[in-house]
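In: model this:
(one chain, ligands or ions: 1)
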Amino acid sequence: MATSDEIYARMRSSIQEYDEAAAAAAAKEAVDAGLDPVEAVEKGFAGAIRELGEAFDRMEIFLPQLVMAADAMKAGVTVLEEAMEASGGTLERKGTVVLGTVEGDIHDIGKTVVGAMLQANGYEVHDLGVDVPSTRFVQTAQDLDANIIAMSALLSTTMLYQRDVMELLRNKGLQNKYFVIVGGAPVSQEWADEIGADAYALHAVEAVSVLNEREAEWAR
Ligand code: B1M
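Out: Okay, the predicted model is just below:
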């Protein structure tokens with residue numbers, strides 16, 4: 001049986017080689033070995049994709065290669081996501097979350113990991129996908145009578161749409177109706193404070209712990 005480090009190494013090289021089948025196989029190996037799926041995303045796939053992002057920044061690789069690497073990562077994350085969801089299958093549903101990546105932004109891997117983790121921890125998650133218009137976050141939260149709006153942004157240009165949603169909520173007098181949590185690589189606690197969001201989380205595990213700890217603020 002392979003060790004966890006060997007499995008993580010296979011996960012990393014599947015991304016570096018843009019190999020979807022190898023990424024899915026390595027993820028399956030991680031699940032079969034009983035590794036924690038979220039830890040496997042971080043220790044296996046995430047480091048490799050971030051390194052490729054930096055290589056893209058230095059113009060050592062081109063966008064099609066980054067896309068192929070992201071596709072490989074998605075194939076692997078899909079396998080791990082199923083494992084995360086399965087582990088939450090018997091839990092009682094907690095709050096209802098409307099989740100998405102903000103307008104103009106098509107990065108969906110981190111958002112999907114956050115959604116799967118929330119689901120695995122008992123939250124009912126409505127994932128609106130990527131490039132979600134600000135009005136859709138608010139309208140869906142109203143339609144579903146949700147407790148929480150969760151917004152991901154990976155670009156410093158698109159994080160501004162998180163502020164847009166906050167303004168929309170204030171204009172509609174809904175700022176106290178929903179608990180808003182924001183996250184994504186360029187997002188910080190300072191930004192969350194500046195736009196008046198209720199919470200910020202650095203990663204998926206923290207998103208769960210923040211919402212669990214602050215249940216009194218979003219439960220109605
Ligand atoms: Co893009 N991209 N990208 N990209 N990409 C970044 C974000 C970038 C930092 C890369 C770089 O230049 N070094 C840079 C942004 C610079 C900036 O604005 N500061 C960038 C750029 C510039 C672009 C394009 C503009 C490139 C171009 O066209 N010239 C373009 C934009 C397209 C668009 O959105 N309109 C673009 C496109 C792409 C791809 C399509 C090739 C691909 C995305 C594919 C996909 O998602 N299906 C891609 C990728 C893969 C990346 C990097 C390399 C990796 C992102 C990722 O998946 N990480 C990224 C570099 C980086 O992040 N260092 C980069 C793994 C994932 C598990 O982590 O998403 O951070 P992450 O999510 C974490 C946490 O952030 C947090 O929890 C997650 C799990 O722990 N989190 C939350 C996320 N959302 C949260 C929400 C929460 C709480 C926590 O609460 C609600």
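In: Please identify the helix or strand for the residue lying closest to residue 129 once chain neighbours are set aside.
Out: Once its chain neighbours are removed from consideration, residue 129 has its nearest residue in residue 100; the separation is 6.1 Å (Cβ to Cβ, 6 or more residues apart in numbering). Every C-beta, even on glycine, is put in place using the N, C-alpha and C of the backbone. With elements delineated by DSSP states H and E, residue 100 resides in strand 96-101, which encompasses its position.
In: chain center to that strand, what's the gap?
Out: The chain centroid and the centroid of strand 96-101 are separated by 10 Å, computed with Cα atoms, centre = their mean, to the nearest Å.
In: Pretty sure residue 2 sits in a helix.
Out: No - inclusion of residue 2 in a helix is not indicated when DSSP: H, G, I helix; E, B strand; the rest coil is applied; the result is coil.
In: list the contacts for it?
Out: The contact partners of residue 2, taken as Cβ atoms under 8 Å, 6 or more residues apart in numbering, are 10, 29, 33.
In: how close does the residue positioned nearest the centre of the chain sit to the ligand?
Out: Against the mean C-alpha coordinate of the chain, by Cα atoms, centre = their mean, the closest residue is residue 111 at 2.1 Å. Taking Cβ to the nearest ligand atom, to the nearest Å as the criterion, residue 111 is separated from the ligand by 5 Å.
In: ok, which stretches of this protein are strands?
Out: 96-101, 124-127, 148-152, 179-183, 199-200 (DSSP state E).
In: burial count for residue 129?
Out: Counted with other Cβ atoms under 10 Å, the burial measure for residue 129 works out to 13 neighbours.
In: who in this protein is up against the ligand?
Out: Counting by Cβ under 6 Å from any ligand atom, the residues of the chain lying close to the ligand are 41, 46, 49-50, 52-54, 56-57, 63, 66-67, 70, 74, 104-111, 113-114, 150-152, 154-156, 181-186, 201, 203-204, 207.
In: which regions of the protein sit below the pLDDT cut-off?
Out: Per-residue confidence for the chain (pLDDT under 70) gives these ranges: 88-93, 120, 220.
In: Next up, phi/psi of residue 173, please.
Out: In this entry, residue 173 is assigned phi and psi values of phi 70, psi 30 (degrees, to the nearest 10).
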